[in-house]
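Novice: Structure of the sequence below:
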Amino acid sequence: METNPIKLTEWSEGSGCGCKIAPAILDQILSSSGSFSQIDPNLLVGNSQKDDAAVYQVSEDLAVINTVDFFTPIVDDPFDFGRISAANAISDIYAMGGKPIFANAILSWPVEKISPELAAKVLEGAKHICKQAGIELAGGHSIAAKDPIFGLSVNGVIHPRKIKTNKGAKVGDHIFLTKPLGIGVLATALKRQKIQDKNYLNLLDTSLKLNSIGSILGNHEEVHAMTDVTGFGLLGHLIEIAEGSGLSAEIEIEKLPLIEGIQDYINQFIFPDNTYRNWNAFNTKTKGVVGMDLVKLCDPQTSGGLLIAVAPENQAWFESTMKSEKQVFWEIGKFVPKKEHVVAVV
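Specialist: Numbering: from 1, shown residues only. Modelled structure (predicted):
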């Protein structure tokens with residue numbers, strides 16, 4: 001692990017997607033502002049659906065996707081910070097089933113306190129991931145401020161009839177996840193200087209994997225809904241799909257994949273404070289959660305995996321496609337008719 005005289009994570013209270021505004025407060029802001037009322041028929045996906053990106057139709061067979069995602073440092077190494085930030089932002093395009101085409105950088109940097117050379121390394125990391133995704137980092141905007149913040153605005157393309165949203169799940173759909181959980185736990189262990197080198201590598205290995213499989217799944221109607229798991233944790237984003245689709249979900253706690261080493265940190269009560277924030281927002285919509293299992297469900301992920309709803313009759317096709325693309329995945333539950341609770345943990 002590369003060390004620096006300045007630890008970037010010391011400059012932020014939260015880290016990565018864990019610094020998101022709490023779900024209840026965000027709902028209050030959006031519902032009170034009235035600034036997101038949408039009347040343009042070409043705006044196919046806007047704020048009202050709580051989706052990962054906006055989608056605007058420009059022709060019969062072409063729509064553009066745009067997303068903005070940025071956060072405070074999740075790791076101390078600036079190159080790694082840039083890589084994780086870029087992978088996380090590009091993921092929103094993949095989660096809609098689209099293909100990214102270019103990105104612009106968003107940089108806030110305390111230039112009088114943290115070397116501009118470290119900011120340059122953040123950009124180098126972002127460029128590295130953009131190159132992996134086959135896109136250019138075309139430009140961006142920067143400000144001098146007290147907190148280091150970095151992210152991307154990413155643009156993509158998709159056919160208007162192939163958009164994947166978080167409201168298309170159907171009764172009986174199987175629920176799949178493409179990355180193990182625990183990124184927030186590892187980021188907290190790093191911030192508290194408790195992380196082991198091997199676990200830091202696990203953090204990087206998980207968060208830097210591109211969700212590019214989303215572009216492939218976008219071409220198949222057998223996939224009914226898709227989103228990526230980020231700051232609201234698995235539970236929050238699963239609730240978004242279930243509520244958006246007018247359904248409930250059942251998940252098996254023993255089937256949830258965890259990054260190696262996570263449980264040891266949970267046993268030491270090392271996990272983000274915002275885990276409780278997520279639980280407080282979603283616990284009334286959930287039943288069956290026992291003890292510290294709430295950490296697995298509510299751990300805020302940064303550059304987490306895709307959460308996918310697939311028709312049961314197409315499971316063999318889905319598993320074959322994922323294996324042929326060398327994409328790991330886990331089946332964790334299914335969608336059921338709407339019940340009193342949105343999510344039941346069994």
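
Novice: State the mean pLDDT of the helix or strand harbouring residue 331.
Specialist: In the assignment (DSSP states H and E), residue 331 maps to strand 330-337. In this model, strand 330-337 carries a mean pLDDT of 98.

Novice: For residue 89, give me the backbone phi and psi.
Specialist: Note on residue 89: its backbone torsions stand at phi -70, psi -40 [degrees, to the nearest 10].

Novice: Relative to residue 150, how far out is it?
Specialist: Residue 89 sits 10 Å away from residue 150, taking CB to CB, to the nearest Å as the criterion. (Each C-beta comes from the backbone N, C-alpha and C, glycine too.)

Novice: what residues are shared contacts of those two?
Specialist: residue 70 (CB atoms under 8 Å, 6 or more residues apart in numbering).

Novice: Correct me if wrong: residue 129 contacts residue 87.
Specialist: Yes - at 5.1 Å, residue 129 counts as touching residue 87 under the criterion of CB atoms under 8 Å.

Novice: Need the residues touching each of the two.
Specialist: Common contacts of residue 129 and residue 87 (CB under 8 Å, 6+ apart): 208, 210.

Novice: Tell me, what's the model's pLDDT at the closest residue in space to residue 189 that isn't next to it in sequence?
Specialist: Distance criterion CB to CB, 6 or more residues apart in numbering; nearest residue to residue 189, sequence neighbours excluded, is residue 195 at 4.0 Å. Per-residue pLDDT puts residue 195 at 96.

Novice: Ramachandran angles for residue 195?
Specialist: Note on residue 195: its backbone torsions stand at phi -80, psi 140 [degrees, to the nearest 10].

Novice: For residue 279, see how far away residue 168 is.
Specialist: Distance of residue 168 to residue 279, given as CB to CB: 27 Å.

Novice: What's opposite residue 54 in the beta bridge?
Specialist: residue 66 (DSSP bridges).

Novice: Give me the number of neighbouring residues for residue 273.
Specialist: 11 (other CB atoms under 10 Å).

Novice: That one and residue 262, how far apart?
Specialist: Computed as CB to CB, the residue 273 to residue 262 distance reads 17 Å.

Novice: Kindly provide the distance from the residue nearest the centre of the chain to residue 345.
Specialist: By CA atoms, centre = their mean, the chain has its centre lying nearest to residue 230, at 3.0 Å. Distance of residue 230 to residue 345, computed by CB to CB: 20 Å.

Novice: tell me which helix or strand of the protein sits lowest on mean pLDDT?
Specialist: Lowest on mean pLDDT, DSSP states H and E among the helices and strands of the chain sits helix 23-33, with a mean of 61.

Novice: and after that helix, which helix or strand comes next?
Specialist: Under the assignment DSSP H and E, the closest C-terminal helix or strand after helix 23-33 is strand 43-45.

Novice: In that following strand, which of the residues would be classed as buried?
Specialist: 44, 45 (16 or more other CB atoms under 10 Å).

Novice: how distant is it from the center of its chain?
Specialist: On the basis of CA atoms, centre = their mean, to the nearest Å, the separation between the geometric centre of strand 43-45 and that of its chain is 21 Å.

Novice: which residues sit against that strand?
Specialist: 51, 53, 54, 55, 56, 57, 63, 96, 160, 163, 165.

Novice: So which of these belong to helices?
Specialist: Counting by DSSP state H, the contacts of strand 43-45 place none of their members in helices.

Novice: Might you specify the subset of those located within strands?
Specialist: Residues of the contacts of strand 43-45 located in strands (DSSP state E): 54, 55, 56, 57, 63.

Novice: pLDDT score for the third one?
Specialist: Per-residue confidence for residue 56 comes out at a pLDDT of 97.
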